[in-house]
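Enquirer: Sequence unavailable; structure follows:
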Ligand SMILES: [Zn+2]
């Protein structure tokens, strides 16, 4: 009963292929007779969506505020301009 034979294997392969082709054909009918988009089409569409998303993100996100760092003349640490250093030096700004 569990023995494998070439006939059983070929029959199983034929059934699998038949079911695959039926689903492929049914999918084409459900899409309205259009060809399935090729890999190139899908890749191009994905790239366009990514570019559009990045462009809209770049427009909506404002530039983060920048902090000008200056070297402390006493200890050499970089501190925000106009702030006090941990060594006690107070930058008065320029
Ligand atoms: Zn300092």
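Expert: It's in. Because the structure is a prediction, the values reported are computed rather than measured.
Enquirer: Please enumerate the strands of this protein.
Expert: 69-71, 78-80 (DSSP state E).
Enquirer: what about stretch 80-94, distance to the chain center?
Expert: Relative to the centre of its chain, stretch 80-94 is centred 43 Å away, using Cα atoms, centre = their mean, to the nearest Å.
Enquirer: Number the residues from 40 up from this point.
Expert: Done: numbering now begins at 40, and the last item shifts to stretch 119-133.
Enquirer: ok, residues contacting that stretch?
Expert: Stretch 119-133 has contacts (Cβ atoms under 8 Å, 6 or more residues apart in numbering) with 106, 107, 108, 109, 111, 112, 113, 114, 116, 118. C-beta here means a position set from N, CA and C on the backbone, and glycine is covered the same way.
Enquirer: need those residues in a markdown table with distance to residue 43 and pLDDT, can you?
Expert: Listed next are the contacts of stretch 119-133 as a markdown table, based on distance: Cβ to Cβ, whole Å; pLDDT from 0 to 100:
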| residue | distance to residue 43 | pLDDT |
| --- | --- | --- |
| 106 | 73 | 88 |
| 107 | 77 | 90 |
| 108 | 74 | 91 |
| 109 | 80 | 89 |
| 111 | 81 | 89 |
| 112 | 85 | 90 |
| 113 | 85 | 90 |
| 114 | 80 | 92 |
| 116 | 76 | 92 |
| 118 | 77 | 90 |
